[in-house]
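S.K.: Could you look at this predicted model? Sequence included:
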Amino acid sequence: MNNFFSPAEICENTIKGCNNKAKLPIGKMIILGIFAGVFIGFGAYGFTIILAGAGTGFEATFAKLVGAGVFPVGLMLVVLCGAELFTGNNLMTLSVFKKEITLGAMLRNWGVVWVANLIGSVLLAWLLSQSGLYGEAMTAKAIGIAEAKVAIPLFSVIIRAIFCNMLVVLAVWMQSGAKDIVSKIFAIWFPIMLFVLSGFEHSVANMFFIPMGIFCGANITWGQAFINNILPVTIGNIIGGALIVPIAYYYTYAKKSLN
């Protein structure tokens, strides 16, 4: 007996899971959305710790690889412990294409979860900024990450966001094919590690990174945080995670053939 599901079975299971997400009461969406923001923030915090201790050249590259290997803990917590993450929930378009949930139900989930993710991420960033854990190196790295993110040109940041959420939803897709927790962890780990190592842009992670930089003294306004990065990254994440991957897999695995 296989210890994993086929792609067609994964598609069916994913649609069922998305249907359940659409039915969640608002209160549960908010709580689980805040948790997801905190969980992704934990991964981002671990990533920052590793980069802050690195020098330049090969040492910096190796630190980025190690940091990218730590960051996936965030999505592991979201999937395995249970939370609502906006970028992962972009797969809900599969259920809309299948006409099993309405567009309004999907947008309701996305809106509530996006705001709740933001609350959780910013709250964690503020608490960590008050914790005494951010020494000189950590503070400098947090400021550098935030300022670099808001300086990315608009077209470039959207491209990076598209590729990012293609990998995120594929990680969610792959873990749905696993029948044991170890396989789920590995299915999540490698795609997320790849997107971090590649420098792609994740809207919820940036809800932690940029506020953290602001709290540490970065020369960034809240308007710049949203207009230069978080909002365009959200758009790019939707293109990659709610359109490109779901359209391809809906057509391949879920759409009824006319032949």
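M.R.: Perfect, I can see it now. Keep in mind that this is a model prediction, so the values were computed, not measured. Numbering: from 1, shown residues only.

S.K.: Only C-alpha atoms from now on, for both contacts and neighbour counts.
M.R.: OK.

S.K.: Packing partners of the helix or strand of the chain with the lowest mean pLDDT?
M.R.: Every helix and strand in the chain was compared by mean pLDDT, DSSP states H and E; the lowest is helix 58-70, with a mean of 89. Judged by 3 or more Cα pairs under 8 Å, 6 or more residues apart in numbering; DSSP states H and E, helix 58-70 is in contact with helix 26-52, helix 181-198.

S.K.: To residue 14, which of these lies closest?
M.R.: Nearest of the helices and strands packed on helix 58-70 to residue 14, taken as Cα to Cα: helix 181-198 at 14.2 Å.

S.K.: Tell me the buried residues in the closest one?
M.R.: Within helix 181-198, the residues scored as buried using 16 or more other Cα atoms under 10 Å are 183-189, 191-197.

S.K.: Distance to residue 251 and pLDDT added to those, as TSV?
M.R.: Shown next, in TSV, are the buried residues of helix 181-198 (distance: Cα to Cα, whole Å; pLDDT from 0 to 100):
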residue	distance to residue 251	pLDDT
183	27	94
184	25	96
185	28	96
186	27	95
187	23	96
188	24	97
189	27	96
191	23	97
192	25	97
193	28	97
194	26	97
195	25	96
196	29	96
197	30	95
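
S.K.: how many other residues sit next to residue 133?
M.R.: Residue neighbour count, defined by other Cα atoms under 10 Å, stands at 11 for residue 133.

S.K.: scratch that, residue 219 is what I was asking about
M.R.: 12.

S.K.: And the closest residue to it other than its chain neighbours, how far from residue 10?
M.R.: Nearest non-adjacent residue to residue 219, counting by Cα to Cα, 6 or more residues apart in numbering: residue 147, 7.3 Å away. As judged by Cα to Cα, to the nearest Å, residue 147 and residue 10 stand 39 Å apart.

S.K.: that older thread, for residue 16, state which of the buried residues of helix 181-198 is nearest.
M.R.: Out of the buried residues of helix 181-198, the member with the shortest distance to residue 16 (by Cα to Cα) is residue 184, at 18.1 Å.

S.K.: And stretch 212-226, what's buried?
M.R.: Within stretch 212-226, the residues that count as buried by 16+ other Cα under 10 Å are 212-216, 218, 220, 225-226.
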